[in-house]
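*Asks:* What shape does this take:
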Amino acid sequence: MIQKYIKRKVPFYTLYPTQSNWEKINNNENFNSYLEKIIKSNSQLSMYLHFPFCPKQCYFCHCYTVISRKEDHYDKISSSIIKELELLFNAARRFGKKLKITDIHFGGGTPTVIPEQKFEKIIQTIKENIDSDALKEIALEVDPRNDMNSEKLLKYSFYGVNRISLGIQDFDKDVQKAVNRINDYELIDNLLNKKVRETFDSINFDFIFGLPKQTKKSLETTTKKIVSLKPSRITILNMDHRPEIYRHQNAYKEIDLPTDELKIQMYELCTNILILNNYQKIGVNHFALDNDILSKYKNEKKLYRNPNGFSPGWAYDMISVGPSATGKLGNYYYQNIYSVDKYIESIEKKNFPINREKKLNNEDIKRRKIIMDLLNFEELHLKELNDNDILDNNVLYKLEEFVEIDFLNYDEKNQVYSVTDLGSYFINHICNIFDSYKDNKYLSQREFKDGIRSLDRNLNLNKF
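*Replies:* Below you'll find the predicted structure:
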């Protein structure tokens, strides 16, 4: 019975409803309205900035990236991101407000290739226009390659960066060559010297299972090496092979990929090693040491999942800038234009570069809570399902089936379902039974018009 779930594709529930079910916008009326509500409410906000450029293509990657080594490309898109920030802060000033940004995350792409003077300007623009008392964290995604060293890394702390996230992916040389990403153990070990570790409050590692040439043995070695480096947080990601969309995935041989059955074993292997080494499971492939704030908030049931992943729950909304960036304003989701040239064009016209959106209805809101609580705490309470009129015969049948195939355990006394170790791998399949849009065809965000267009590098760079 488990085979049907191995083969069945379902959305990754970073948000609910998922982006398959958002609409193309005709104007910014909804965005402007929800932004005004958020500004007037004095709500705390997270902020995400997406920098799309990468010097080199990693073959596993699904992120929105444009490959270029030209600093003038980096400079121009950084200038547009600054202009988008100015549009945002001008909107807040019209109501006499400063935004209460609690945390900022620089993602990409490779944000560590943003020219230093532009990075400084971005930080300055933000800090001059927000309530500085609210800001707790600035996080930066770091590619350890591209001439990165501990001195350069430490410079970011002068701008307020206090959390870094390194893309490790794998330490095995054959795997690294297969995915076009070489960063060996010694490079990371040297980069994270004593001064770096003392300077940053939190260090996260990302690594991937299911890569070409990867074996259980090689992945075990990589996982143990990662543990030996003692990052505060670890994210293990399941590689999704979609060469029909991401053409760079044709660069490796499909025969070199682990089978779906082997990927389950890989996930269990990594999870067991991390737990044995004092990492607590936060949820959906995320782990943290016991003294990390995510572990603390998980234990206190305060954990929250925003468009960028798990957060301590400082803020429940996220304002996002940069090409393809996804934001949440109350019961409204939006996504910026993907294509760099169209993004710049919108910014130059002084328009927020919104491309797609979703206004949540009452049914969406109650189902979102069920799904997000499941992702955060890996539990389902029958009373809550009943109270929200979600526990119909179809849902009950699926829950019983999940117990039978060891995705869920059921505590009859407390009427609570809890996710098993095996069920954790299939947690998005469990979420899917509460998805009222599940009969719609699943599409990734890159399968819509602007997403498809953004895959053409020449079109993206026609403004440069």
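*Asks:* only C-alpha atoms for contact and neighbour calcs from this point on.
*Replies:* Will do.
*Asks:* show me where the stretch 301-450 of the chain has helices.
*Replies:* For the stretch 301-450 of the chain, the helices identified by DSSP state H, counting those that start in this stretch occupy 340-348, 362-377, 382-387, 393-404, 421-425, 427-432, 449-453, in order along the chain.
*Asks:* can you redo these as TSV with mean pLDDT?
*Replies:* Output for the helices of the stretch 301-450 of the chain, formatted as TSV (pLDDT from 0 to 100):
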stretch	mean pLDDT
helix 340-348	94
helix 362-377	95
helix 382-387	94
helix 393-404	95
helix 421-425	94
helix 427-432	96
helix 449-453	77
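*Asks:* And these: which comes nearest G107?
*Replies:* Among the helices of the stretch 301-450 of the chain, helix 340-348 comes nearest to G107, with 15.5 Å by CA to CA.
*Asks:* ok, and for that closest one, which residues are buried?
*Replies:* Of the residues in helix 340-348, those with enough neighbours to count as buried (16 or more other CA atoms under 10 Å) are 340-344, 346-347.
*Asks:* Mind putting those into CSV with distance to L374?
*Replies:* Listed next are these as CSV, based on distance: CA to CA, whole Å:
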residue, distance to L374
V340, 35
D341, 39
K342, 37
Y343, 35
I344, 38
S346, 38
I347, 38
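*Asks:* closest to L461 out of the helices of the stretch 301-450 of the chain?
*Replies:* helix 340-348 (6.4 Å).
*Asks:* Would you mind pulling up the elements that that closest one packs against?
*Replies:* For helix 340-348, the elements it packs on are helix 71-93, helix 457-460, judged by 3 or more CA pairs under 8 Å, 6 or more residues apart in numbering; DSSP states H and E.
*Asks:* ok and it relative to helix 71-93, angle-wise?
*Replies:* What separates the directions of helix 340-348 and helix 71-93 is an angle of 40 degrees, with axes from the mean of the first three to the mean of the last three CA atoms, to 10 degrees.
*Asks:* Which pLDDT value does the model give the most centrally placed residue in the chain?
*Replies:* Nearest to the mean C-alpha position of the chain, by CA atoms, centre = their mean, lies N308 at 4.0 Å. Predicted confidence (pLDDT) at N308: the value is 82.
*Asks:* so how far is K70 from it?
*Replies:* In this structure, N308 and K70 are 28 Å apart, going by CA to CA, to the nearest Å.
*Asks:* Q415 and E379 touch, don't they?
*Replies:* No - look at Q415 against E379 with CA atoms under 8 Å: they stay out of range, at 10.5 Å.
*Asks:* Between those two, which has more neighbouring residues?
*Replies:* Neighbours were counted for Q415 and for E379 using other CA atoms under 10 Å; E379 has more, 19 against 12.
*Asks:* wait, what's in contact with the more buried one?
*Replies:* Taking CA atoms under 8 Å, 6 or more residues apart in numbering as the contact definition, E379 lies against 373, 416-419.
*Asks:* contacting residues for the residue nearest to the centre of the chain?
*Replies:* With contact taken as CA under 8 Å, 6+ apart, N308 is in contact with 14, 48.
*Asks:* Now do it against N238, distance only.
*Replies:* The gap separating N308 from N238 is 16 Å, by CA to CA.
*Asks:* how many other residues sit next to C431?
*Replies:* The criterion is other CA under 10 Å. On that basis, C431 has 21 neighbouring residues.
*Asks:* ah, wrong one, I meant L140
*Replies:* Burial of L140 is recorded as 25 neighbouring residues (other CA under 10 Å).
*Asks:* what's the answer for Y74, then?
*Replies:* For Y74, the tally of surrounding residues (other CA under 10 Å) stands at 20.
*Asks:* Over to the one 3 residues further on?
*Replies:* Residues contacting I77 under the criterion other CA under 10 Å number 23.
*Asks:* Test my guess that it contacts I344.
*Replies:* Yes - here I77 reaches I344: they are 7.5 Å apart, a contact under CA under 8 Å.
*Asks:* quick one: contacts of stretch 255-265?
*Replies:* Contact partners of stretch 255-265, identified using CA under 8 Å, 6+ apart, comprise 6, 209-216, 425.
*Asks:* swap that for stretch 137-153, please
*Replies:* Contact partners of stretch 137-153, identified using CA under 8 Å, 6+ apart, comprise 55, 102-108, 110-113, 160-167, 182-183, 187-188, 190-193, 196.
*Asks:* Show me which of these are buried.
*Replies:* 55, 102-108, 110-113, 160-167, 182-183, 188, 191-192, 196.
*Asks:* Looking at the residues you listed, which are in strands?
*Replies:* Counting by DSSP state E, the members of the buried ones among the contacts of stretch 137-153 that fall within strands are 102-108, 163-167.
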